[in-house]
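Undergrad: Okay, sequence plus prediction incoming.
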Amino acid sequence: MAAGPLSLHFRPAPVGPVDRWAEDDKPREECGVFGVFGSEDASVLTALGLHGLQHRGQEGCGIVSFDGRFHHERHLGLVGEHFSGAEVPKRLPGDAAIGHTRYATQGGTLLRNVQPLFADLALGGFAIAHNGNLTNSIDLRTRLVEHGAIFQSTADTECILQLIAKSRRAKVVERFVEALHDIQGAYALVCLTNTMMIGARDPIGIRPLVLGDRNGAVILASETCALDMIGAKFVRTIEPGEIVVAKRDRLGKIAIESHFPFPRRKARPCIFEYVYFARPDSMIDGRSVYDIRKRMGMKLAQEGAVEADVVVPVPDSGVPAAMGYAAESGIPYELGIIRNHYVGRTFIQPKQEIRALGVRLKHAANREVLKGKRVILVDDSIVRGTTSQKIVQMVREAGAREVHFRSASPPIRHPDFYGIDMPTLDQLMAAQMTLEEMRKSLGVDTLRFLSIDGLYWAMGEAARDPDAPQFTDHAFTGDYPTPLLDQVNETARRDSQLSLLVEHAAE
């Protein structure tokens, strides 16, 4: 069945240039993906699912739906600003839809880079949403352009679309798998054609993806919290290297196919999902994010004990770890810092003296809790240290007698290339300073980080295996995964795997 014409709606929100690190000194979330196949008003469910994934990206959002023709909306800004109200299913009709909430990793904050991306191919329309980063995208892009490809965006995701378009395979799934053989890096993909929804996860499972069910409809999402948002049942985690295909059989019933077109490899999911990215109420690869963050705090209390009067979280990211620290140490847990959740970029001003006040727009000291106290500040991580410095100063100005800073993760000393946006090496505090230099720079009485083995203990492991690390943890260790798909680009292997994959994947 050929796809009908594509309807496009572009209503960009006015977003000016912003210093990525002016507002919040944290690693930036990657992106969130969501898909629904086989439910009335799929776009409404997708919008709700994207609300649940808003923490993974706040710069842009988009939805593609299908009702015999494709409908596509992309916007700069938040999901709620553009995909709310009764008109959503009218603008985006159909029983299948995919969506994306974006933080730019490769490609700038431009409307043309907002996903899902869409292309009309010889075999019909194809929409794709991507969480992650392709480490060989520059080489791919150069090669594709040399062979006549015309790119409409600067996003690495478009390389996948271009690879699918140039493939000469007979069926969409074959083309999709062939494209995956050419890419390296981290990815969780949700795709929509005129007959099916496809999900895929990179061979070592760096980025998360889960399968859900809502009254018979198939749901794909980056995190389980998005399933909870729409009342869907968690079915299972998509395995590393797995491709799932949801489509209707001859009787109109939805069937799910699972394929493993690559040699199986040892999983190495991103440990930063548990440290910071994922929402606390999510389950990632069968592990409770909330429980793990509390365990991080418990271990931190064992490794970095100090006499104090109160344990205070840096909200919101430090809250579970601070609870664990307080429970293990026996020191009272108090909300010594109150966060204002209603601050946006409107308040980020170009004048330095105004920008310096930015942390106070988001965080306010609770003076009655802090005055005269020995305070343990607990946060999930320290990146550049600029926000931490301002928070420490604010706590001291509120009357704290001592300030002890505890990070519930090891020092971040290395950049990321797999979908996390963080400062360059020269801006990472722990890469440029000794522990004592960091302590003085932050202005604290003591400073301790969770050890790498302590982090692995919180994950339920006895310790980190240096010869075969259980997680992707290069930001802390400098141990980057080997190039993904490094053994599967051989033509013979690819062809044999493709022939096995498409045996039952005829459209």
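TA: Thanks, I have it.
Undergrad: drop to CA atoms for contacts and neighbour counts, all remaining ones
TA: Fine.
Undergrad: Please name the residues that touch Leu48.
TA: By C-alpha atoms under 8 Å, 6 or more residues apart in numbering, the contact list for Leu48 reads Ala226, Met229, Ile230.
Undergrad: Turn the buried ones among those into a named PyMOL selection, would you?
TA: A single PyMOL command selects the buried members of these (16 or more other C-alpha atoms under 10 Å):
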select buried, resi 226+230
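Undergrad: where exactly do the strands run in the stretch 351-500 of the chain?
TA: 363-365, 374-379, 402-407, 446-449 (DSSP state E, counting those that start in this stretch).
Undergrad: Deepest-packed of those, please.
TA: Here the criterion is mean neighbour count by mean count of other C-alpha atoms under 10 Å, and of the strands of the stretch 351-500 of the chain the winner is strand 374-379, at a mean of 26.
Undergrad: Tell me which helix or strand in this structure has the weakest average pLDDT.
TA: One helix or strand of the chain scores below all others by mean pLDDT, DSSP states H and E: strand 7-10, with a mean of 38.
Undergrad: right, and the strands of the stretch 351-500 of the chain - which one's nearest Asp291?
TA: Ranking these by proximity to Asp291 (C-alpha to C-alpha) places strand 374-379 first, at 15.8 Å.
Undergrad: Note down every partner strand of the closest one and its orientation.
TA: When pairs are called by DSSP bridges, strand 374-379 turns out to pair with strand 310-313 (parallel), strand 402-407 (parallel).
Undergrad: Out of the ones you listed, the one nearest Met296 is which?
TA: strand 402-407 (9.4 Å).
Undergrad: Put the alpha carbons of that closest one into CSV.
TA: The C-alpha coordinates for strand 402-407 follow below in CSV (Å, rounded to 0.1, in the frame of the first residue of the first chain):
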residue,chain,number,x,y,z
GLU,A,402,29.9,23.9,57.8
VAL,A,403,29.2,22.7,54.3
HIS,A,404,30.2,19.2,53.2
PHE,A,405,29.6,18.3,49.6
ARG,A,406,28.8,14.7,48.6
SER,A,407,28.4,13.5,44.9
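Undergrad: Among the strands of the stretch 351-500 of the chain, which comes closest to Gly252?
TA: Gly252 sits nearest to strand 374-379 of all those, at 50.8 Å, using C-alpha to C-alpha.
Undergrad: returning to that earlier point: and the contacts of Leu48 as a markdown table, adding distance to Arg264, pLDDT and secondary structure?
TA: Listed next are the contacts of Leu48 as a markdown table, based on distance: C-alpha to C-alpha, whole Å; pLDDT from 0 to 100; DSSP: H, G, I helix; E, B strand; the rest coil:
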| residue | distance to Arg264 | pLDDT | secondary structure |
| --- | --- | --- | --- |
| Ala226 | 28 | 98 | helix |
| Met229 | 32 | 97 | helix |
| Ile230 | 33 | 98 | coil |
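Undergrad: same question for stretch 259-272, mean pLDDT?
TA: Regarding stretch 259-272, the rounded mean pLDDT is 94.
Undergrad: Give me the distance from it to the chain's centre.
TA: Between the centre of stretch 259-272 and the centre of its chain there are 17 Å (C-alpha atoms, centre = their mean, to the nearest Å).
Undergrad: Over to stretch 211-224?
TA: On C-alpha atoms, centre = their mean, the centre of stretch 211-224 falls 18 Å from that of its chain.
Undergrad: Identify the residues contacting that stretch?
TA: Against stretch 211-224 from outside (C-alpha under 8 Å, 6+ apart): 32-39, 49, 53, 188, 190, 199, 208-210, 227, 231-238, 246, 254, 278, 282-284.
Undergrad: In it, which residues are buried?
TA: Within stretch 211-224, the residues that qualify as buried are Leu211, Gly212, Asp213, Arg214, Ala217, Val218, Ile219, Leu220, Ala221, Ser222, Glu223, Thr224, counting by 16+ other C-alpha under 10 Å.
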